[in-house]
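**Q** Provided below are the primary sequence and the corresponding predicted coordinates.
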Amino acid sequence: MAQAQPPIVVVEDIHKFFTRGSERIDVLNGLSLEVPEGEFLALMGPSGSGKTTLLNLIAGLDRPSQGRIWVRGQEISSMSEGQLAGWRTRNIGFVFQFYHLIPVLTAYRNVELPLLLLPLSRAQRRRQVLNALDIVGLSDRIHHRPGQLSGGQQQRVGIARAIVTDPAIIVADEPTGDLDAKSAEEILDLLCELRSSLGKTIIMVTHDPRAAQRADRVLHLDKGRLTSEVPSAVS
């Protein structure tokens, strides 16, 4: 029997707290988690539950106050800021609720931005940008600026930007939160396709139970702790 693959993300006894004057504010309290490679994981919970903080820690945008985090076998919780910046470029794709596109740039240029941090030729960048835009179905919109695109199309540009470096993990913070129902379903379809066809691991924060149902697994957080872990209704 073949051995199971190690998880792509391991979070071990994480604590995250801030201080306000003499007061300590705990955001995450001894949280541990493993994410198998290729899983679509949804994180749910009330505002202030710690789900976005957890997402940011896994993505290397923040550091734990205590505990350790491994991603793809590397302990990112011990990396320097410079090491983390380079690591994020190669390993993490970011999808945001409000797209975070640069208004004066075309779809092509917005998607190209992460590649400017890598040692690639102009021709290599062009191939990767056009491939990413083709995957999200926007090959005919490469010269459009964000203001000329619908909300759903802007989010597709955001997803193309997230996958253009071919990262192993996509972190999505409320990716359907600013979209109408039809556009939201299309974005969720696309995320599921990235998981099934390209083998991407997806970790998504959402308040929407309908969005969470598209994931393989749903974790619920409250006051910095995992309160429940249930499989999604959709396999």
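**A** Arrived safely, thanks for sending.
**Q** least trustworthy helix or strand in the chain by mean pLDDT?
**A** Ranked by mean pLDDT, DSSP states H and E, the helix or strand of the chain with the weakest confidence is strand 225-231, at a mean of 73.
**Q** Give the buried residues for the helix or strand hosting residue 27.
**A** Assessed by DSSP states H and E, residue 27 sits inside strand 23-35. Going by neighbour count (16 or more other C-beta atoms under 10 Å), the buried part of strand 23-35 is 27-28, 31, 33, 35. Yep, even glycine has a C-beta here, placed from its N, CA and C like the rest.
**Q** right, and out of these, which lies closest to residue 143?
**A** Using C-beta to C-beta, residue 35 is the member of these that lies nearest residue 143, at 37.4 Å.
**Q** so what's the closest one up against?
**A** By C-beta atoms under 8 Å, 6 or more residues apart in numbering, residue 35 lies in contact with 7-10, 41, 58, 201, 203.
**Q** related to what we said a few turns ago, what pairs with the strand holding residue 27, parallel or antiparallel?
**A** With DSSP bridges as the test, strand 23-35 is paired with strand 9-20 (antiparallel).
**Q** Beyond the lengthiest helix in the chain, next helix or strand please.
**A** Longest helix in the chain by number of residues, with DSSP state H as the criterion: helix 181-198. Using DSSP H and E, the helix or strand that directly follows helix 181-198 along the chain is strand 201-205.
**Q** what number of residues lie near residue 150?
**A** If you count neighbours by other C-beta atoms under 10 Å, residue 150 ends up with 12.
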